[in-house]
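# okay, here's the prediction I keep looking at, along with the sequence it came from:
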Amino acid sequence: MQLRARILAIVLLAMASPVASVAQTQSPDPDRLAAAKDMMDASRVDRQFEQVIPLLLDHLKQGFRRVAPDRADIIDSVFEQMQSRFISRRGELLEEIAGLYAQRLEASEMRAVADFYRSPVGAKLIDVQPQIMQESILAGQRWGQRIGREIEEEARRELKRRGVDL
């Protein structure tokens with residue numbers, strides 16, 4: 001999985017469930033941290049947050065609107081105000097993620113990754129990655145539904161064979 005996809009997955013998982021706070025044992029080496037930030041900049045990770053936050057907010061807004069459809073105008077207004085405020089806070093997460101990369105990769109390795117993302121092939125990969133991610137999510141959902149049906153059918157057959165008819 002690519003750097004951008006991993007960071008998006010981390011963000012989505014973090015937003016979907018409570019996370020325990022993990023204290024860093026030591027500050028990362030400044031050279032490594034700078035290389036991590038440069039690598040993330042080269043992969044245009046920051047732009048992804050401009051897409052993720054609105055999607056998350058829209059999902060939450062739709063949930064609120066289902067609960068209180070008669071208050072949709074107020075709900076829409078509140079979520080419009082929130083969007084820019086939360087997009088502007090993406091730097092907090094980027095800083096933390098840069099520290100994680102700095103702990104695990106050498107500065108030279110991160111510079112090599114940044115060079116790749118700045119190459120024509122890396123730039124193309126960055127450009128097509130959002131569409132691939134969307135299509136991958138849909139493929140995963142379809143696969144999960146197929147596997148789920150197969151598991152259900154097989155479990156029902158086995159349970160029926162053992163005298164449990166569901």
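Thanks, I have it.

# C-alpha from now on. contacts and neighbour counts both.
Noted.

# per the annotation, how does the chain divide into domains?
1-13+27-118, 124-166 (automatic domain parsing).

# same list (these) but as TSV, adding mean neighbour count.
Shown next, in TSV, are the domains of the chain (neighbours: other C-alpha atoms under 10 Å):
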stretch	mean neighbour count
domain 1-13+27-118	16
domain 124-166	12
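
# okay if I get those domains as JSON lines plus mean pLDDT?
Below are the domains of the chain laid out as JSON lines (pLDDT from 0 to 100):
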{"stretch": "domain 1-13+27-118", "mean pLDDT": "86"}
{"stretch": "domain 124-166", "mean pLDDT": "93"}
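
# ok, Ala35 touching Arg111?
Yes: counting by C-alpha atoms under 8 Å, Ala35 does reach Arg111; the two are 6.0 Å apart.

# which helix is the longest one in this structure?
helix 120-161 (DSSP state H).

# ok, Met110 - contacts?
With contact set as C-alpha atoms under 8 Å, 6 or more residues apart in numbering, Met110 has these partners: Arg32, Ala35, Ala36, Met39.

# where's it relative to Arg104, distance?
Taking C-alpha to C-alpha, to the nearest Å as the measure, Met110 falls 10 Å from Arg104.

# what's the answer for Phe116, then?
Phe116 is 19 Å from Arg104, by C-alpha to C-alpha.

# need the nearest residue in space to Asp38, chain neighbours excluded.
Leaving aside its chain neighbours, Asp38 sits nearest to Ala114 (6.7 Å; criterion: C-alpha to C-alpha, 6 or more residues apart in numbering).
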